[in-house]
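In: Here's a sequence, model it:
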Amino acid sequence: MSLDSIRRLLKQPEGRLALITVLVFLLMAWMTPDRFLSVNNLTSMAFQFPEFAILALAMTIVMLTGGIDLSIIGVANFSAIVAALLLTQVLGPDALENGAFWVGVAMVAAVAVGALCGLANGILVAYFGLPPILATLGTGLVFTGFGVAMTGGSSVMGLPAEMAWIGNGRLFGIPVPLVLFLGLSALLWFVLSRTAFGLKVQMFGANPVAARFAAIDINGMLLRVYVSAGMLSAISGLLIMSRANSAKYDYGSSYLLLAILIAVLGGVNPYGGYGRIIGVVLAVLSMQFLSSGLNMMGVSNFARELIWGTLLILVMVINASPSLNMLSRARISKRRIPAGASQRPPA
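Out: Residues are numbered from 1 along each chain as shown. Okay, the predicted model is just below:
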């Protein structure tokens, strides 16, 4: 590769992020080579990161519209609790005898619950005109409250053995969570870049006023966006439940900040209109390499959250810099549009 080709590559956000990913991997490998580069550690990372990576995909599709979904953790845990209660209390011994079939039924039920939760978010944002940050903050608390009420605040255990395969099994030697994440990433990439729906999502995020005048069904589009985010969150909840072999209302509570950070670090514009799935995938890998390396160096979870928060603010400050390209400045100008007008068409 010539020097000019490298320069052109680094001018692209995804090219710079790919370089960062490689540098983080090399740095962590240099600091703890014996443990970081071991087969066990690399395999462990492949099982771990899809949990929050799928949540980052859910956050990405919402952020492309200029919104945000703070309910993804509540949706994930609530969906997992419904599936766990279905297997342990509704079906009981029958679920243990015919585990594979009933686990499949429970998974479908969990995804359906996630879709309903996303539908509730979409209705509040699209039809009631609530700001996404406030609507999803409220619904996230409601979904978490449902989970607490249904379980009494304790873990739901005693799941069929087949449930563990989703988060801990292998498919042709490849970890199932990794296969699931790659499949969902490819599907979301196709939807956003190769379908009319994806074009409408990005058009609305870039310019809500122009999208209204282009006769786009904004309400229907927002409903589909939030339903998709709810379904992705439910799938992540199933992975968390499978790996923990239980379901509880507060699992993955630290993943919300991580999902937002990954989406922003991956090049998704917080004001909507621009973002690529490849960037999100690279950001996921960067964060997993960094997290694994920090864990091996004995850095506490509290210090890691401090690092994530600082990194998120730093990335936002850099993205908001006046020296950025015209596309980013055009996104920032959206803040002048009234909140109600940016979320729904005029009556």
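In: before we move on, which element is the closest residue to Gln48 other than its chain neighbours in?
Out: Nearest non-adjacent residue to Gln48, counting by C-beta to C-beta, 6 or more residues apart in numbering: Gln288, 7.0 Å away. To be clear about C-beta, it is placed using only N, CA and C from the backbone, and glycine gets the same treatment. Under the criterion of DSSP states H and E, Gln288 resides in helix 277-296.
In: picking that back up, near the residue nearest to Gln48, how many other residues are there?
Out: Applying other C-beta atoms under 10 Å, we find 22 residues neighbouring Gln288.
In: pretty sure it is touching Met45, no?
Out: Yes - between Gln288 and Met45 a contact is recorded at 5.3 Å, counting by C-beta atoms under 8 Å.
In: tell me what the very next helix or strand once past the helix holding Gln288 is packed against?
Out: Proceeding C-terminally, helix 277-296 gives way to helix 301-319 as the next helix or strand, assigned by DSSP H and E. Packing partners of helix 301-319 (3 or more C-beta pairs under 8 Å, 6 or more residues apart in numbering; DSSP states H and E): helix 255-265, helix 277-296.
In: In helix 301-319, which residues are buried?
Out: The neighbour-count check on helix 301-319 (16 or more other C-beta atoms under 10 Å) flags 304, 308, 312, 315, 319 as buried.
In: May I have it as CSV, with CA atoms only?
Out: Below are the C-alpha coordinates for helix 301-319, written out as CSV (Å, rounded to 0.1, in the frame of the first residue of the first chain):
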residue,chain,number,x,y,z
ASN,A,301,-14.2,-1.6,37.6
PHE,A,302,-14.7,1.9,39.2
ALA,A,303,-11.6,3.2,37.5
ARG,A,304,-12.7,1.7,34.2
GLU,A,305,-16.0,3.5,34.4
LEU,A,306,-14.1,6.7,35.0
ILE,A,307,-12.0,6.0,31.9
TRP,A,308,-15.1,5.3,29.8
GLY,A,309,-16.8,8.5,30.9
THR,A,310,-13.7,10.6,30.3
LEU,A,311,-13.2,9.0,26.9
LEU,A,312,-16.9,9.7,26.0
ILE,A,313,-16.5,13.4,26.9
LEU,A,314,-13.2,13.6,25.0
VAL,A,315,-14.7,12.1,21.8
MET,A,316,-17.7,14.4,22.0
VAL,A,317,-15.5,17.5,22.5
ILE,A,318,-13.3,16.5,19.5
ASN,A,319,-16.4,15.8,17.3
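In: same question for that helix, mean pLDDT?
Out: Helix 301-319 shows a mean pLDDT of 75.
In: how far out from the middle of the chain is it?
Out: Centroid separation for helix 301-319 versus its chain: 17 Å, with C-alpha atoms, centre = their mean, to the nearest Å.
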